[in-house]
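# Have a look; sequence and predicted model below, questions after that.
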Amino acid sequence: MSHSQQIVSKLWNYCNILRDDGLSYGDYVEQLTYLLFLKMAREQTQPPFRRPSIIPAGYDWPSLLAKEGDELEIHYRHILETLGKQTGMLGVIFRKAQNKIQDPAKLRRLIADLIDREQWMSLDADVKGDAYEGLLEKNAEDVKTGAGQYFTPRALIRALVDVMHPAPGQTIFDPACGTGGFLLISHEYISAHYDLDKDQKKHLRFQALQGVEIVDNTARLCAMNLYLHGIGGDQCPVQVADSLNQKPSDTYDIVMTNPPFGKKSSITVINDEGEQAKESLVVVREDFWASTSNKQLNFLQHVKSLLKMNGRAAIVVPDNVLFEGGAGETIRRKLLHECDVHTLLRLPTGVFYAQGVKANVLFFDRKPGAETPWTRTLWIYDLRTNQHFTLKTNPLKRSDLDDFVACYNPENRHDRKPADRFRTFDYEELLKRDKLSLDIFWLKDESLEDSAGLPDPDVIAAEIAEDLQAALDQFSQITADLKP
């Protein structure tokens with residue numbers, strides 16, 4: 001067992017004790033985040049670092065260690081409240097922070113016996129970062145909390161980063177960054193593939209990687225995840241905001257993101273009868289091609305606005321983005337005309353922690369204005385047909401995407417060759433399709449023709465559950481839209 005695995009095991013085993021008091025996995029990881037940050041801030045004031053403390057006096061780690069019983073619980077609450085009013089990294093980590101550990105004795109044990117025993121700053125960034133990633137993944141596996149919607153499978157992210165080829169000096173952005181997977185693995189990729197000089201290292205740590213996350217709790221996990229991997233400093237690379245609210249003030253070389261697969265944007269209002277009702281929240285922006293309440297279509301338009309000229313994007317989108325009419329058709333038409341939409345990866349089911357997700361990855365480059373469409377050819381890789389994955393028995397591995405990466409040919413994507421799962425469709429062909437649908441498949445489903453080729457029963461059951469959940473989500477949305 002590696003050192004990071006030992007740390008995860010030790011911290012996670014203690015979570016099981018706290019769960020008896022009603023603490024969820026997410027609550028536990030949150031409390032660890034606060035305490036780890038306080039301990040590491042203390043270590044940075046000591047040799048060999050000797051940095052000034054970023055924590056106000058009297059609200060630091062020693063003040064916490066010095067107390068027990070009810071005094072400890074009260075003081076911890078005051079620390080969280082005080083630090084949540086700070087700016088920069090402190091403000092993001094401690095914003096709206098609350099103590100969820102009601103038993104002072106168990107809080108004392110977590111502080112003194114677990115967190116304080118380890119010298120976190122002396123650990124390699126990979127060790128402490130991987131340990132925290134391990135905790136986030138365990139949290140994502142707890143389907144009851146819904147935390148999985150903020151955690152994109154790392155095998156998928158690694159493949160996407162591999163084909164996007166981020167380089168030193170480039171800016172990389174994620175407008176729905178969750179726990180920071182795209183930013184983290186981009187940092188890892190650049191560090192591993194290039195011999196960086198001092199200025200490039202500084203740029204990579206403090207300027208290259210930025211993200212936005214709308215949920216406070218998730219933003220703090222993301223900020224801590226990046227911090228433990230040596231990304232960012234006193235100023236946090238993650239902003240807590242609604243990405244879709246306004247036109248971006250900055251543009252970036254690369255945008256990679258997996259936006260939330262939620263229902264359409266809506267707000268709760270009180271109608272004339274005094275009853276609660278949902279109203280669709282249509283996003284209206286001058287830089288958008290179409291106004292719609294569909295979050296995924298809005299994120300697709302937003303990503304285009306985030307790109308520098310000739311900037312590159314990889315965005316995870318649900319199936320409906322490929323075929324939905326109305327605003328969906330308008331957006332696809334504009335996207336194909338104004339950008340080079342060159343690749344579509346059809347993802348298998350059973351790879352996301354959020355159930356019922358049928359998704360794809362759309363790759364495109366932003367281009368300057370032109371009379372003729374920039375999209376000449378769309379290459380589609382089908383990783384869905386006859387592929388069976390489940391989170392527990394057959395999770396998606398990076399090696400499962402090796403063929404896609406090879407077919408994509410990131411060294412020179414203009415020199416590609418067709419394969420069984422990889423086909424090309426020219427622009428004129430796409431124009432002839434109803435509503436300009438990009439929901440294209442050509443492989444035969446073997447299970448429909450040969451019962452001997454059926455996957456294991458647990459895989460079939462998981463796929464049925466995925467399909468039922470997807471259908472329920474669609475019916476729920478239809479019902480919500482039909483309400484006056």
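Cool, the structure landed.
# C-alpha from now on. contacts and neighbour counts both.
Fine.
# where do the helices sit along the stretch 351-484 of the chain?
Read by DSSP state H, counting those that start in this stretch, the stretch 351-484 of the chain holds these helices, from start to end of the chain: 402-408, 427-431, 446-449, 457-482.
# mean confidence score for the shortest one?
Helix 446-449 shows an average pLDDT of 62 in the prediction.
# With stretch 421-433 instead?
Averaged over stretch 421-433, pLDDT sits at 96.
# just how off-centre is that stretch within its chain?
Between the mean C-alpha location of stretch 421-433 and the chain-wide mean there is a distance of 30 Å, by Cα atoms, centre = their mean, to the nearest Å.
# try stretch 11-19
Distance of stretch 11-19 from the chain centroid (Cα atoms, centre = their mean) equals 25 Å.
# for stretch 132-145, same thing?
With Cα atoms, centre = their mean as the basis, stretch 132-145 stands 13 Å off its chain's centre.
# Tell me, how many residues neighbour residue 98?
By other Cα atoms under 10 Å, the residues close to residue 98 number 18.
# list the contacts for it?
77, 80, 81 (Cα atoms under 8 Å, 6 or more residues apart in numbering).
# Filter these down to the buried ones.
With neighbours counted by 16 or more other Cα atoms under 10 Å, these contain buried members at 80, 81.
# State the pLDDT value of residue 143.
Residue 143 carries a pLDDT score of 52 in this model.
# could you give the mean pLDDT of stretch 366-376?
If you average the pLDDT over stretch 366-376, you get 95.
# check which helix or strand covers residue 199.
When secondary structure is defined using DSSP states H and E, the element that contains residue 199 is helix 198-206.
# In helices only, show me the contacts of residue 98.
Using DSSP state H, the subset of the contacts of residue 98 located in helices is 77, 80, 81.
# Quick check, the second one in contact with residue 92.
No: here residue 80 lies out of contact with residue 92, judged by Cα atoms under 8 Å, at a distance of 11.8 Å.
# Overlap of the contact sets of the two?
When contacts are counted by Cα under 8 Å, 6+ apart, the set common to residue 80 and residue 92 is empty.
# who are the neighbours in contact with the residue nearest in space to the middle of the chain?
With distances taken as Cα atoms, centre = their mean, the chain has residue 178 as the residue nearest its mean C-alpha position (3.8 Å). When contacts are counted by Cα under 8 Å, 6+ apart, residue 178 touches 150, 151, 213, 218, 219, 222.
# what's the pLDDT at the second one?
This means residue 151. Among the per-residue scores, residue 151 shows a pLDDT of 73.
# Can you report how many residues neighbour it?
In terms of burial, residue 151 registers 23 neighbours under the definition other Cα under 10 Å.
# Now do the buried residues in stretch 388-406.
388, 389, 390, 391, 395, 396, 397, 401, 404.
# Was I right to think the third one contacts residue 351?
Yes: under the criterion of Cα under 8 Å, residue 390 makes contact with residue 351 at 6.4 Å.
# Please enumerate the shared neighbours of those two.
Each of residue 396 lies in contact with both residue 390 and residue 351 under the rule Cα under 8 Å, 6+ apart.
# any idea of the mean pLDDT for stretch 322-340?
Along stretch 322-340, the predicted local confidence has a mean pLDDT of 96.
# Strands of the chain, start to end?
Assigned strands in the chain, in chain order: 172-174, 209-213, 238-240, 252-257, 266-270, 276-280, 307-318, 339-346, 359-366, 377-382, 422-426 (criterion: DSSP state E).
# partners of the first one in the sheet?
What that stands for is strand 172-174. The pairing partners recorded for strand 172-174 under DSSP bridges are strand 209-213 (parallel), strand 252-257 (parallel).
# Quick one: closest of these to residue 162.
Go through these one by one with Cα to Cα and the one that ends up closest to residue 162 is strand 252-257, at 11.8 Å.
# Can you list the neighbours in contact with that closest one?
Surrounding strand 252-257, the residues in contact under the criterion Cα under 8 Å, 6+ apart are 166, 170-177, 182, 303, 306-308, 310-316.
# export stretch 418-425 as PDB, just CAs?
Provided in PDB are the C-alpha atoms of stretch 418-425 (Å, rounded to 0.1, in the frame of the first residue of the first chain):
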ATOM      1  CA  PRO A 418     -11.100   5.600 -40.500                       C
ATOM      2  CA  ALA A 419     -11.600   2.500 -38.300                       C
ATOM      3  CA  ASP A 420     -14.600   0.400 -37.200                       C
ATOM      4  CA  ARG A 421     -15.400   2.800 -34.400                       C
ATOM      5  CA  PHE A 422     -14.100   5.900 -36.100                       C
ATOM      6  CA  ARG A 423     -15.900   7.500 -39.100                       C
ATOM      7  CA  THR A 424     -15.900  10.800 -40.900                       C
ATOM      8  CA  PHE A 425     -19.000  12.800 -42.000                       C
END
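# could I get the buried residues of stretch 388-406 as JSON lines with distance to residue 432 and pLDDT?
JSON lines is the format used below for those (distance: Cα to Cα, whole Å; pLDDT from 0 to 100):
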{"residue": "388", "distance to residue 432": "32", "pLDDT": "84"}
{"residue": "389", "distance to residue 432": "33", "pLDDT": "86"}
{"residue": "390", "distance to residue 432": "36", "pLDDT": "81"}
{"residue": "391", "distance to residue 432": "38", "pLDDT": "76"}
{"residue": "395", "distance to residue 432": "37", "pLDDT": "87"}
{"residue": "396", "distance to residue 432": "35", "pLDDT": "90"}
{"residue": "397", "distance to residue 432": "36", "pLDDT": "93"}
{"residue": "401", "distance to residue 432": "31", "pLDDT": "97"}
{"residue": "404", "distance to residue 432": "27", "pLDDT": "98"}
